[in-house]
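*Asks:* Output the structure for:
(one chain, ligands or ions: 1)
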Amino acid sequence: MRKLTELEIEQALKTLDGWALKEGKLCSEFVFEDFKSAFAAMTEIALHAEEIQHHPEWCNVYNKLEIRLFTHDIQSLSMLDLQLATIINAMGRNYKVKRIVPETVNAPLLPSS
Ligand SMILES: C[C@H](O)[C@H](O)[C@H]1CNC2=NC(N)=NC(=O)C2=N1
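*Replies:* Model (predicted):
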């Protein structure tokens, strides 16, 4: 799996609604109507994640879901992170959600190796 270049990441962020870079990870937050909808969305995401063998880091508290995408195998972002973010965006349209774009943390775009 290839690391995305800084340029590729910048380009992707322009087209990916609702996502921002936070400490090198692709991050987004959703606020659902209730816990049941949040968990239903998580179940749906989980099935897609299994399909592409790429899994989110996430934190759910009641109706809130924070998602971080990162490719641990290469300690960087890869096309799989963009693919999963795109799937999640498409799915999000089926739920009544409020979308929160996390504030970008001004860390280097890519971790120095
Ligand atoms: C062998 C297996 O495909 C890998 O361990 C996958 C599984 N899911 C993964 N998910 C994420 N987010 N990053 C990875 O590097 C990763 N690796």
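
*Asks:* So which bits of this structure are right by the ligand?
*Replies:* Within the chain, the positions lying close to the ligand (C-beta under 6 Å from any ligand atom) are Q53, H54, H55, F70, T71, H72, D73. From N, CA and C alone the C-beta is placed, and that goes for glycine too.

*Asks:* ok, 8 Å please
*Replies:* Counting by C-beta under 8 Å from any ligand atom, the residues of the chain lying close to the ligand are 1, 49, 53-57, 69-74, 78, 80-81, 84.

*Asks:* Only whichever of the residues you listed are buried, select them in PyMOL.
*Replies:* The following PyMOL command selects only the buried members of the residues of the chain next to the ligand, with burial defined by 16 or more other C-beta atoms under 10 Å:
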select buried, resi 49+54+56+69+70+71+78+80+81+84
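
*Asks:* Narrow the residues of the chain next to the ligand to those in helices?
*Replies:* Counting by DSSP state H, the part of the residues of the chain next to the ligand found in helices is A49, L80, D81, L84.
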